[in-house]
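Peer 1: Structure, please.
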Amino acid sequence: MEITTLTDAPADPHAPTGEPELRRTIGLAQMVFYASGSMLGAGIYGLVGKAAGELGSAVWLGFLVAAVAALLTGLSYAALGSRYPRAAGAAFITHRAFDNGLLTHVLGLAVACSGLGSIAAGSWVIGANLQRVPFLSGVPVTVLTLAYLVLMAGIVYRGIRESMWANVACSIVEAGGLALIIFVGAKYWGSVDLFQTPANPSGGGLLAVPPLLLVQGAVLTFFSFAGFEDTLNVGEEVKNPRRTLPLGLVIGMLLACVLYVGVAITAVSVIPWQDLAEASAPLAEVMAKAAPWFPGWAFVVITVVAVANSALINYVTASRLLYGMARDGRLPSRLAQVHPDRRTPHIAIALILVVLMALTLSGNSAELAAATVLLLLSIFVVVNAALVVLRLRKDEPRGGFEVPLFVPIAGAIVCLALLVVRITSGDWKSPLIAGVLLAVSAALYPLVRPK
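Peer 2: Residues are numbered from 1 along each chain as shown. The predicted structure is shown next:
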């Protein structure tokens, strides 16, 4: 890998020149929190139990393999972000590589749908947890959920600086909660065989872990690392993006990997993996045994913050995506308007709020979230392929962070393999929803395509 210290991207002949524009306020520290916060969401709080059911005490190995697989695509995103630090990054890159308006349109809306589905599903988790607060117990969950969405929209509208500071605060709580689990459970390390699996209860070392079982576990844990793609869409609001964006993304992914592996080892050391697999709130069970002095309500707060942080990042991503596509003539131009005082795409933010309310009230948010993983894997395949095309194009300007050609090739192959595994897993609802969303996006293209 190669990193240069140029302070700006190559001149883009299609770059916007109108005013007002988005404000550059994101530094390296905030970029690290943004990247890590997008991955340290609520997934780990429930996923570690499901993964333990598949991999046993070797669950940490599944997270490690998944981290390597995710890092391949993460490095591709880091390289692309240093080349083209723009809102609607994935859509812009796809069009630059393949020059296909329909593919660009569908991929851009797929990114938006994946983010909105995640927010809608998480909003019900927020509402249900808020109802546990004594003075909110009498408020209907629906009201709490909608109020949460309005508050989220208000933060994103207020400004990128305010959104980033809210993200920093939430990321500290998220990472702190996971670090606390490792800290209080470290005394249990060494008490179990970390290579014990359901297929091999006696353990016996790394070679005793069945390869197929490890791959299946890696498929499940891979989705704990999804979220790093959100960094691409705030490129126009990052200081010195050619250096800051890729470094922040890579550091954030490595931080998430360390915390995930540490939490996985701690969890199976404190609670037998058979019990962990049956627990509805596995990490809460770990805390209850390793630190009985820790109040249970505090872990509820950490869970709420984790979900809210993921939603905040997805909201920022979706708004910048719509803004960037509209500015490039691929969506109605009103979505490209920037508030003169707040310097945020306020029309796009308002539209997203309306759509989120409709999705939340429809009651289909959980199924939509299940389809999100399929949309993301499809996006990853296309983006990795785009980097391959751009790397092979002789007159394409280089970025401030370059990776060897085998990285995007391997990333595309891995994501395609995971996509096939997910589609053939027997769950027909999520592939159907993902297929319908892609079909509807394609059907809208004749109405909004650039003239």
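
Peer 1: Strands along the stretch 251-400 of the chain, start to end?
Peer 2: Here the stretch 251-400 of the chain has no strands by DSSP state E, counting those that start in this stretch.

Peer 1: which stretches of it form helices?
Peer 2: Secondary structure of the stretch 251-400 of the chain (DSSP state H, counting those that start in this stretch): helices located at 273-278, 282-290, 296-327, 346-362, 365-392.

Peer 1: Following the lowest-mean-pLDDT helix or strand in the chain in sequence, what is the next regular element?
Peer 2: None of the helices or strands of the chain scores lower by mean pLDDT, DSSP states H and E than strand 2-3, at a mean of 46. Note on strand 2-3: by DSSP states H and E, the next helix or strand toward the C-terminus is helix 28-39.

Peer 1: Can you name every helix or strand that that following helix contacts?
Peer 2: Helix 28-39 makes packing contacts with helix 160-185, helix 241-270, helix 296-327 when contacts are defined by 3 or more Cβ pairs under 8 Å, 6 or more residues apart in numbering; DSSP states H and E. C-beta here means a position set from N, CA and C on the backbone, and glycine is covered the same way.

Peer 1: Make JSON lines out of those and add distance to residue 22, mean pLDDT and mean neighbour count.
Peer 2: Listed next are the helices and strands packed on helix 28-39 as JSON lines, based on distance: least, Cβ to Cβ, whole Å; pLDDT from 0 to 100; neighbours: other Cβ atoms under 10 Å:
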{"stretch": "helix 160-185", "distance to residue 22": "7", "mean pLDDT": "89", "mean neighbour count": "20"}
{"stretch": "helix 241-270", "distance to residue 22": "12", "mean pLDDT": "91", "mean neighbour count": "24"}
{"stretch": "helix 296-327", "distance to residue 22": "8", "mean pLDDT": "83", "mean neighbour count": "24"}
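
Peer 1: before we move on, back to that, looking at the helices of the stretch 251-400 of the chain, which is closest to residue 160?
Peer 2: Counting by Cβ to Cβ, residue 160 lies closest to helix 296-327 out of the helices of the stretch 251-400 of the chain; the figure is 7.4 Å.

Peer 1: other SSEs contacting that closest one?
Peer 2: Secondary-structure packing of helix 296-327 (3+ Cβ pairs under 8 Å, 6+ apart): helix 28-39, helix 89-98, helix 101-130, helix 141-158, helix 160-185, helix 282-290, helix 346-362.

Peer 1: closest one to residue 441 among those?
Peer 2: That would be helix 101-130 among these, by Cβ to Cβ, at 4.0 Å.

Peer 1: picking that back up, any idea which of the helices of the stretch 251-400 of the chain gets closest to residue 128?
Peer 2: Residue 128 sits nearest to helix 296-327 of all those, at 9.7 Å, using Cβ to Cβ.

Peer 1: re earlier: mean pLDDT for the helices and strands packed on helix 296-327: which is lowest?
Peer 2: When the helices and strands packed on helix 296-327 are ranked by mean pLDDT, helix 101-130 comes last with a mean of 82.

Peer 1: mind listing what's buried in that one?
Peer 2: Of the residues in helix 101-130, 103-127, 129-130 count as buried by neighbour count, 16 or more other Cβ atoms under 10 Å.

Peer 1: What separation do you get for the nearest residue to residue 126 once chain neighbours are set aside and residue 334?
Peer 2: Leaving aside its sequence neighbours, residue 126 sits nearest to residue 148 (Cβ to Cβ, 6 or more residues apart in numbering; 4.9 Å). According to Cβ to Cβ, to the nearest Å, residue 148 stands 26 Å off from residue 334.

Peer 1: do the same with residue 38
Peer 2: To residue 334, residue 38 is 28 Å away according to Cβ to Cβ.

Peer 1: In terms of neighbours, single out the busier of the two.
Peer 2: Shown here are residue 38 and residue 334; by other Cβ atoms under 10 Å, residue 38 has more neighbours (28 against 10).

Peer 1: Not counting sequence-adjacent ones, nearest residue to the more buried one?
Peer 2: residue 227 (3.3 Å).

Peer 1: Count the residues that sit near that neighbour.
Peer 2: So residue 227, with other Cβ under 10 Å, has 29 neighbours.

Peer 1: how much space between it and residue 183?
Peer 2: Remark: distance between residue 227 and residue 183 (Cβ to Cβ) = 24 Å.

Peer 1: ditto for residue 429
Peer 2: Distance from residue 429 to residue 183, by Cβ to Cβ: 40 Å.

Peer 1: Ok, residue 285 next?
Peer 2: Taking Cβ to Cβ, one finds residue 285 at 17 Å from residue 183.

Peer 1: same deal with residue 230?
Peer 2: Using Cβ to Cβ, we find residue 230 at a distance of 28 Å from residue 183.

Peer 1: repeat for residue 430
Peer 2: Relative to residue 183, and taking Cβ to Cβ, residue 430 is found at 37 Å.

Peer 1: Same check on residue 291?
Peer 2: The value you get for residue 291 to residue 183, if Cβ to Cβ is used, is 9 Å.

Peer 1: And for residue 122?
Peer 2: According to Cβ to Cβ, residue 122 stands 27 Å off from residue 183.

Peer 1: now swap in residue 416 and tell me
Peer 2: Here residue 416 is placed at a distance of 39 Å from residue 183 (Cβ to Cβ).

Peer 1: cool, residue 175 as well?
Peer 2: Counting by Cβ to Cβ, the gap from residue 175 to residue 183 is 12 Å.

Peer 1: Over to residue 88?
Peer 2: The value you get for residue 88 to residue 183, if Cβ to Cβ is used, is 41 Å.

Peer 1: before we move on, what about residue 325?
Peer 2: 44 Å.

Peer 1: Check the offset of stretch 30-49 from the chain's centre.
Peer 2: Centroid separation between stretch 30-49 and its chain, computed with Cα atoms, centre = their mean, to the nearest Å, is 8 Å.

Peer 1: ignore the last one, stretch 304-320
Peer 2: Worked out by Cα atoms, centre = their mean, stretch 304-320 lies 9 Å from the chain centre.

Peer 1: Thanks again, I'm all set now.
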